[in-house]
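> Build the 3D model from these lines:
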Amino acid sequence: MRTMFGADVEALAGLGSSFVESAETLETARRQVDGIVATTGWVGPDAEEFRQDWSRRLAPALASCLGALRDNAEVLRRNAEDQARTSAADGGSVLDRGGEPGAGGDRSGDGGKDRPGNPDLSGHGPWVDVPPTIPLDDAALDPNMINQQGLGDCWLLAGLGAVARDDPQFIRDHMQLNADGTWTVTMYKDGDPVEITVEPEVAQDGVMDPSGNPSWASIYEKAAAEYWGGSYEDIDGGYSSDAFAAITGATPSKTGEGNLSDLKDRLADGPVALGTEDEPSWWPFGDEVDDSRVVPNHAYIVDKVEERDGELKVHVINPWGPGAHLQDDGSDKVGDMWLTEKQYKENFDTVYAVPSTR
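I've put the predicted structure just below:
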């Protein structure tokens, strides 16, 4: 008897979506009960005991269930993708994310250390000299000053921009200009600091400021290329959770998109980056961007979540830089945008967060 292993990809994707929807329903219920418990006109020892039981035992238990639902939704999604790739290798439909910016990357290699000399340009040169001084004031560290160019490292730049937005002093404290003109950037490996010293020249295709000049992000990007293997190619593709861990030394989280109320809470706790859904031609079950302004399979910085025009909206920043970026298909991928909850859920599928360094 022949045993067959595998899965119905569409069914797995649908189950993952059900987990996400269930998590959102449970989160809404938890918030409603929170409000009722806090505002109900009930005083006395029994009331106090009940409220303490809710806040110390029941509410955390629900939060744990929420986390489990979101984590397992991500597992289901990844398994669906793996099954689809396996089917493609056996003659099924072909799935290709490799051409998209920041499509994913293996961070399990020879990373987490300083290396002598310059990292390999990997076709992203020539070298561009860094000015003797680089602005590090709050205006220079604004995420809108990041201008991703020819490298697919949006995952890194979104993480970097999110940290700079949350705590610009942290960036200043982790960049040191040395007497010989080199820069030392402090990153982290498994929570321990790692000093990466880089020469004052950066890849022409790497990140610049909106005027096309090397910036603090250019220095960090080059340090990351050394940290993750010694080549700019080593940072072409990845996840912002890996960026957060290497930049801050803290333990990041990676979950489904959730809702804007949840996103607002996460932003209050520290830096947040988002991953978009895929291009329409890649994933056949509706997991794709719906807004032509949004770059598919890309990472964005979360700037604000607040009430606007009577509803909660999120402001996201594209590491491509400010303004409109005209594409070959005629669409404009904008540098930043305000999105309603519906628009957010239609275009984003992953939240990367890390505790604040403040």
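
> following the strand or helix carrying Gln176, which helix or strand comes up?
Using DSSP states H and E, Gln176 maps to strand 175-177. As assigned by DSSP H and E, the chain's next helix or strand after strand 175-177 is strand 183-189.

> Report all helices and strands that that following strand contacts.
For strand 183-189, the packing partners by 3 or more Cβ pairs under 8 Å, 6 or more residues apart in numbering; DSSP states H and E come out as strand 175-177, strand 192-198, helix 216-227, helix 240-248. C-beta: built from backbone N, CA, C; applies to glycine.

> from the middle of its chain, how far away would the third one be?
What it means is helix 216-227. Distance of helix 216-227 from its chain centroid, counting by Cα atoms, centre = their mean, to the nearest Å, is 17 Å.

> and what of the last one?
Once both centres are worked out by Cα atoms, centre = their mean, helix 240-248 turns out to sit 9 Å from its chain's centre.

> helices or strands next to it in the packing?
On a contact count with 3+ Cβ pairs under 8 Å, 6+ apart, helix 240-248 meets helix 154-166, strand 183-189, helix 216-227, strand 272-276, strand 348-353.

> And for Ala179, the neighbour number?
Number of residues near Ala179 (other Cβ atoms under 10 Å) recorded here: 5.

> To clarify, my last question referred to Asn318.
By other Cβ under 10 Å, 29 other residues sit near Asn318.

> wait, what's in contact with the closest residue to it other than its chain neighbours?
In this structure, Asn318 finds its nearest non-sequential neighbour in Gly335, 5.1 Å apart by Cβ to Cβ, 6 or more residues apart in numbering. Contacts for Gly335 were tallied using Cβ atoms under 8 Å, 6 or more residues apart in numbering; they are Asn144, Ile317, Asn318, Trp320, Gly321, Pro322, Gly323, Ala324, His325.

> Looking at neighbours, which among the residues you listed is most surrounded?
With neighbours taken as other Cβ under 10 Å, the top of the contacts of Gly335 is Asn318, carrying 29 neighbours.

> mind listing what that residue touches?
Contacts of Asn318 (Cβ under 8 Å, 6+ apart): Val295, His298, Tyr300, Ile301, His325, Lys333, Val334, Gly335, Asp336.

> Need phi/psi at it.
Main-chain torsions, Asn318, degrees, to the nearest 10: phi -90, psi 130.

> quick one: it and Arg293, what's the gap?
Going from Asn318 to Arg293 by Cβ to Cβ, to the nearest Å gives 9 Å.

> any residues in contact with both of these two?
Joint contacts of Asn318 and Arg293 (Cβ under 8 Å, 6+ apart) are Lys333, Val334.

> can you pull the contacts of Pro143?
Counted by Cβ under 8 Å, 6+ apart, Pro143 has contacts Gly161, Ala162, Ala164, Arg165, Ile301, Asp303, Ile317, Pro319.

> ok, the second one touching Arg266?
No. Ala162 is not in contact with Arg266 according to Cβ atoms under 8 Å; the separation is 10.9 Å.

> higher neighbour count, those two?
Comparing Ala162 with Arg266 by other Cβ under 10 Å, the one with more neighbours is Ala162, at 30 against 19.

> related to what we said a few turns ago, how about the contacts of Gly335 in a markdown table, adding pLDDT?
Listed next are the contacts of Gly335 as a markdown table, based on pLDDT from 0 to 100:
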| residue | pLDDT |
| --- | --- |
| Asn144 | 96 |
| Ile317 | 97 |
| Asn318 | 96 |
| Trp320 | 95 |
| Gly321 | 93 |
| Pro322 | 90 |
| Gly323 | 89 |
| Ala324 | 83 |
| His325 | 86 |
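
> between those residues, which is nearest Phe348?
Asn318 (12.3 Å; Cβ to Cβ).

> how far away is the closest one from Leu274?
On the measure of Cβ to Cβ, Asn318 and Leu274 end up 11 Å apart.

> confidence score at Ala162?
Predicted confidence (pLDDT) for Ala162: 98.

> Count the residues that sit near the closest residue to it other than its chain neighbours.
In space, and not counting its chain neighbours, Ala162 is closest to Pro271: 3.6 Å by Cβ to Cβ, 6+ apart. Around Pro271 there are 32 other residues, counting by other Cβ under 10 Å.

> so who does Pro271 touch?
Gly159, Ala162, Val163, Arg165, Asp166, Asp167, Phe244, Thr248, Ala353, Val354, Ser356.
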